[in-house]
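[1] Below is the structure, and that's it, no one-letter string:
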């Protein structure tokens, strides 16, 4: 029983540093979140209270993202200068991102709702100076991920690889079936009613427009009113028969002397 252990140790010494296994498997979050899986991103549960006994405050915690068929060929970097960048994903089929420290994964119940969104940073996808770029994933995968702990001497501890993660894929326009026979009966009825309603509205609009045009045409065709003759505006003389004509007052007799005025007597 001791020989296999010795062989394992010797093999590990020949191959490099033996990594301490962390009993944790990354997984897609089970929380009810929108966009947990998109065409370029996926969301993991944050590993809270997982690395406390494996990590020092000066160690770095990385997330390794690799195509499923490339996990067996992935070699843990022996130093920080050999960390595979995001820009090499298309050729190396793996990269490392989300560099952080143990302070980001505290053992606290208040952070239970925290998640990690992989592929959410679009600003660094062409910037090779960003060693921890969390750029969008350009392929639907499938992918597998694991957490890797590095210290000043290289890789120190690692978690298990996750299950396969496949991103959402958009459907090609040519693959979408637009034949009405594939639609449900309710959809066909609703479409027919809406089409008929729109047709009625169009007919009413045309009838209203035609009626307004007809009224304008009638106004233009109507003859101009004739001007009344000038005699119509001349004044007319009315004889008021019901009022007797006024008579001149009676004259006094000629033999009656007229009274003299006071001025005349002086």
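    Arrived safely, thanks for sending. Please read these numbers as outputs of a predicted model, since none were measured by experiment.
[2] And residue 130, how close does it get to residue 147?
    Remark: distance between residue 130 and residue 147 (CB to CB, to the nearest Å) = 20 Å. In short, each C-beta sits where N, CA and C put it, glycine included.
[3] who has more neighbours, those two?
    For residue 130 versus residue 147, neighbours defined as other CB atoms under 10 Å are more numerous around residue 147 (25 against 18).
[4] what about that one, which SS state?
    strand (DSSP: H, G, I helix; E, B strand; the rest coil).
[5] Verify the contact between it and residue 26 for me.
    Yes. Using CB atoms under 8 Å, residue 147 is in contact with residue 26, at 6.5 Å.
[6] Which neighbours do these two have in common?
    Contact with both residue 147 and residue 26 is made by residues 47, 63, 159, according to CB atoms under 8 Å, 6 or more residues apart in numbering.
[7] Closest one to residue 143 out of those residues, please.
    Of all those, residue 63 has the smallest distance to residue 143: 11.0 Å, by CB to CB.
[8] Which residue ranges of the stretch 51-200 of the chain form helices?
    Assigned by DSSP state H, counting those that start in this stretch, the stretch 51-200 of the chain shows helices spanning 89-92, 185-221.
[9] Let's test this: mean pLDDT of the last one, rounded?
    Spelled out, it's helix 185-221. For helix 185-221, mean pLDDT is 85.
[10] sorry, back to before: where does confidence bottom out across the shared contacts of residue 147 and residue 26?
    Lowest pLDDT among the shared contacts of residue 147 and residue 26: residue 47, 91.
[11] most tightly surrounded among the helices of the stretch 51-200 of the chain?
    Across those, averaging neighbours per residue (mean count of other CB atoms under 10 Å) puts helix 89-92 on top, at a mean of 13.
[12] Can you pull out the low-pLDDT segments for the protein?
    Counting by pLDDT under 70, the chain contains low-confidence ranges at 1-17, 108-113, 171-184, 221-266.
[13] Going along the chain, name the strands of it.
    Taking DSSP state E as the test, the strands found in the chain are 20-21, 42-45, 60-67, 94-100, 115-118, 143-151, 154-158.
[14] hang on, isn't residue 29 packed against residue 118?
    No. When contacts are counted by CB under 8 Å, residue 29 is not listed as touching residue 118 (11.2 Å).
[15] For residue 28, give me its contacts.
    Here residue 28 is in contact with 36-37, 42-45, 165 (CB under 8 Å, 6+ apart).
[16] mind redoing it with 7 Å?
    Contacts for residue 28 (CB atoms under 7 Å, 6 or more residues apart in numbering) come out as 36, 42-44, 165.
[17] Identify, from those residues, the entry nearest to residue 154.
    residue 44 (24.2 Å).
[18] Please report the number of neighbouring residues for the residue lying closest to that closest one once chain neighbours are set aside.
    Spatial nearest neighbour of residue 44, excluding adjacent residues (CB to CB, 6 or more residues apart in numbering): residue 116 at 4.5 Å. Look at residue 116: counted by other CB under 10 Å, it has 22 neighbours.
[19] What separation do you get for residue 116 and residue 209?
    Remark: distance between residue 116 and residue 209 (CB to CB) = 62 Å.
[20] any idea which of the shared contacts of residue 147 and residue 26 is closest to residue 220?
    residue 63 (81.0 Å).
[21] Surely the closest one and residue 147 touch.
    Yes. The pair residue 63 and residue 147 qualifies as a contact (CB atoms under 7 Å) at a distance of 5.9 Å.
[22] Nearest to residue 77, out of the helices of the stretch 51-200 of the chain?
    In terms of CB to CB, the element of the helices of the stretch 51-200 of the chain nearest to residue 77 is helix 89-92, at 11.8 Å.
[23] what's in contact with that closest one?
    Contact with helix 89-92 is made by 84, 95, as judged by CB under 7 Å, 6+ apart.
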